[in-house]
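Peer 1: Fold the stuff below for me.
(chains A and B)
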Protein chains: 2
Amino acid sequence: MAKADIIFLCTPLGAIESTVTQLLPHLAPNAILTDVGSVKGAVVRAIAPQWQNFVGGHPMAGTAESGLDAALSGLFVGKPYVLTPTDSTPATAVETVAELVRSLQSQIYYCSPEAHDRAVAWISHLPVMVSASLIAACLSESSPEILNLAQSLASSGFRDTSRVGGGNPELGRMMAEFNRDEVVRSLHAYRHQLDQLITQVEQSDWNSLQQRLTQAQIARPPFLSDP
Amino acid sequence: MAKADIIFLCTPLGAIESTVTQLLPHLAPNAILTDVGSVKGAVVRAIAPQWQNFVGGHPMAGTAESGLDAALSGLFVGKPYVLTPTDSTPATAVETVAELVRSLQSQIYYCSPEAHDRAVAWISHLPVMVSASLIAACLSESSPEILNLAQSLASSGFRDTSRVGGGNPELGRMMAEFNRDEVVRSLHAYRHQLDQLITQVEQSDWNSLQQRLTQAQIARPPFLSDP
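Peer 2: Numbering: from 1, shown residues only, chains lettered A, B, ... in the order given. Just a heads-up that it's a prediction; the model follows:
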């Protein structure tokens, strides 16, 4: 490691800090550290005070698969790669990481660790919690006959809505653990929307429900820029 | 219509009853009526007293598209087709509809209208409400900068989880309107699961959260029999 100009920390979130602690004695003085964790505030707060040339990063590409067999050529092409420098991050370190990221043909976004964490809570962490709760709710059906029928009749709608909720449990836990405040905030906003919808259904307020669903239909496309 | 042996009612849910009322004077005495509505209790309760040879049906195939251009050869092959005869439905009427359904190579399921409505509330109607609420929650973000970043970073996870919530608002409204009791029941069960999850995150009870996510991961595959 003493010869490395840049080191990418690609461990799970929970292992980043301890990995850095072990690495520090072996680094060249100007070595740049960057990570690929899906939460940035907690990581930057833990690492930046220990190593000046640290640039928080989050490449938003990948599949549910892991291991070398899951490697994909062109995985990062056209995908977002977020860099979260702070006021004290050296500009040269940021530019060096950005240059490498550009060579992957990723789309670079710069923002604060806090803005990153709030944004990904909405579009990545909250969906996991919402989707897992859907699976849990179906499982709460007490009649085996109905549950069996529901399993037989489930099709693409259920498949898609439940996909991220049925994903890697360790990853879901880490998202919530390391981005707790933003995940809680997004969950409360979600429950508020859900409560309003439940009230509309309970009160048979069909016009308001249809308006709500129309707003959702209109609001969704701007989130689908991903190729 | 006086010469028809079987008539498939393929109107939106809200137009089935009035269509039947207009049809009745023109039907041959032994004509069989069947519908394709996505809710069965309300439809069967409205139509069965008016026409003995009525068989409630729900073919569970289709895309988000509509119109003749959306026609697909083999659309029904291997897909569920639910028939919901009651104690007073003539067996010959059920068998005649079933024969036609088998010729489409659908997979026939027989159940009561009530069992159908409870099962589809879980796997079809609840996901729409859960998914629409996710979109609404994201939209409630008050910072334009964060909302913009969230839209830029959203990828397949958000795309899939939000898909059915961003679908046809009239259809979503009809599901809730015609299957109100079961939709409310499923929504309350869902909110209960969501509240438990929120408490676990708020209390930093990460082991319980991971257990919950593990249960969701294990529970999902039995719902994915759809080819």
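Peer 1: Quick check: nearest residue in space to residue A:107, chain neighbours excluded?
Peer 2: Nearest-residue entry for residue A:107: residue A:80, 5.3 Å, with adjacent residues in sequence omitted and distances by CB to CB, 6 or more residues apart in numbering or on different chains. C-beta coordinates here come from the backbone N, C-alpha and C atoms, glycine included.
Peer 1: The one you found contacts residue A:106, doesn't it?
Peer 2: Yes: at 7.0 Å, residue A:80 counts as touching residue A:106 under the criterion of CB atoms under 8 Å.
Peer 1: For chain A, which residue occupies the most central location?
Peer 2: residue A:124 (4.3 Å; CA atoms, centre = their mean).
Peer 1: Can you give me every residue that contacts that one?
Peer 2: A:38, A:175, B:153-154, B:157-158 (CB atoms under 8 Å, 6 or more residues apart in numbering or on different chains).
Peer 1: CA atoms only for the helix or strand harbouring residue A:120, dumped as CSV, please.
Peer 2: Element membership of residue A:120, judged by DSSP states H and E, is helix A:113-120. Extracted C-alpha coordinates of helix A:113-120, given in CSV (Å, rounded to 0.1, in the frame of the first residue of the first chain):
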residue,chain,number,x,y,z
PRO,A,113,-22.4,14.3,2.5
GLU,A,114,-25.6,15.5,4.1
ALA,A,115,-27.4,16.3,0.8
HIS,A,116,-26.3,12.9,-0.6
ASP,A,117,-27.7,11.1,2.5
ARG,A,118,-31.0,12.9,2.3
ALA,A,119,-31.4,12.3,-1.4
VAL,A,120,-30.6,8.6,-1.3
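Peer 1: on that earlier part again, any shared contact partners between residue A:80 and residue A:106?
Peer 2: Joint contacts of residue A:80 and residue A:106 (CB under 8 Å, 6+ apart) are A:59, A:61.
Peer 1: and residue A:31, what does it touch?
Peer 2: Here residue A:31 is in contact with A:1, A:4-7, A:53 (criterion: CB under 8 Å, 6+ apart).
Peer 1: Mark out where each domain of chain A begins and ends.
Peer 2: For chain A, automatic domain parsing gives the domain ranges A:6-111, A:115-223.
Peer 1: Most tightly packed of those domains?
Peer 2: Counting by mean count of other CB atoms under 10 Å in any protein chain shown, domain A:115-223 has the highest mean neighbour count of those, with a mean of 21.
Peer 1: Skipping adjacent residues, who's closest to residue A:104 in space?
Peer 2: Nearest non-adjacent residue to residue A:104, counting by CB to CB, 6+ apart: residue A:76, 4.0 Å away.
Peer 1: Okay, now the unreliable bits of chain A?
Peer 2: For chain A, residues meeting the criterion pLDDT under 70 lie at A:226-227.
Peer 1: try 50
Peer 2: A:227 (pLDDT under 50).
Peer 1: which residues of it fall in strands?
Peer 2: A:6-9, A:32-35, A:54-55, A:57-59, A:80-83, A:107-110 (DSSP state E).
Peer 1: Show residues contacting the last one.
Peer 2: For strand A:107-110, the external contacting residues (CB under 8 Å, 6+ apart) are A:78-85, A:98, A:101-102, B:149, B:152-153.
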